[in-house]
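K.L.:
sequence plus predicted model, see below.
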Amino acid sequence: MAFNLARARALLFEARRTAKLAYCLVRDDRVPLGPKLAMGAALGLIVSPLDVPAWVPVIGDLDMLALGVLTVKVFVDACPEAIVDEHEARILRRESAFDRDLRIALALAQDGVRRLTSRGGAGPAITDFRESEEESA
């Protein structure tokens, strides 16, 4: 089977949209706890240092990225369709919980950078830390 760049690009964009959707669904109280726990357990397995041996059927043969994409897709499919449609519409309008949280995180990061640069760079902060460290010794 030949590599198809257009298909790979479509999968990447779909994975990004599905990940945003999954984030919003996890934050929604109307989504049942069961699918949330199942997705959390599967994603926990992906990031854990535990390596699933190749001899374990299905799971051992999957790459961790493929397992992650599959996990998120199954989670979204397990959520109530009306709630999924509602969150998809919010994502398209850039009014989703993901978009709101991203804006907050970026604003906090910009504020932190602004505070660091208004002090004259990292120099004083490092000096203050060294002085307090020497005083406590």
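P.N.:
Now that the structure is in, tell me what you want to look at. Numbering: from 1, shown residues only.

K.L.:
so this protein: which segments form each domain?
P.N.:
1-94, 96-137 (automatic domain parsing).

K.L.:
how far does the first one sit from the chain's center?
P.N.:
Using CA atoms, centre = their mean, to the nearest Å, we find the averaged C-alpha position of domain 1-94 to lie 10 Å away from the chain's own average C-alpha position.

K.L.:
just stretch 109-121 next, same as before
P.N.:
26 Å.

K.L.:
alpha carbons only: can I get that stretch in PDB?
P.N.:
Output of stretch 109-121 as PDB, limited to C-alpha atoms (Å, rounded to 0.1, in the frame of the first residue of the first chain):
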ATOM      1  CA  ALA A 109       1.900  32.500  30.200                       C
ATOM      2  CA  GLN A 110       2.000  36.000  28.700                       C
ATOM      3  CA  ASP A 111       1.500  37.600  32.100                       C
ATOM      4  CA  GLY A 112       4.300  35.500  33.500                       C
ATOM      5  CA  VAL A 113       6.700  36.500  30.700                       C
ATOM      6  CA  ARG A 114       5.700  40.100  31.100                       C
ATOM      7  CA  ARG A 115       6.400  40.000  34.900                       C
ATOM      8  CA  LEU A 116       9.800  38.400  34.300                       C
ATOM      9  CA  THR A 117      10.800  40.900  31.700                       C
ATOM     10  CA  SER A 118       9.600  43.900  33.700                       C
ATOM     11  CA  ARG A 119      12.000  42.900  36.500                       C
ATOM     12  CA  GLY A 120      14.900  43.400  34.100                       C
ATOM     13  CA  GLY A 121      15.300  39.800  33.000                       C
END
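
K.L.:
re the thing from before, buried deepest among the domains of the chain, which one?
P.N.:
Ranked by mean neighbour count, those are led by domain 1-94 with a mean of 13 (mean count of other CB atoms under 10 Å). (Each C-beta comes from the backbone N, C-alpha and C, glycine too.)
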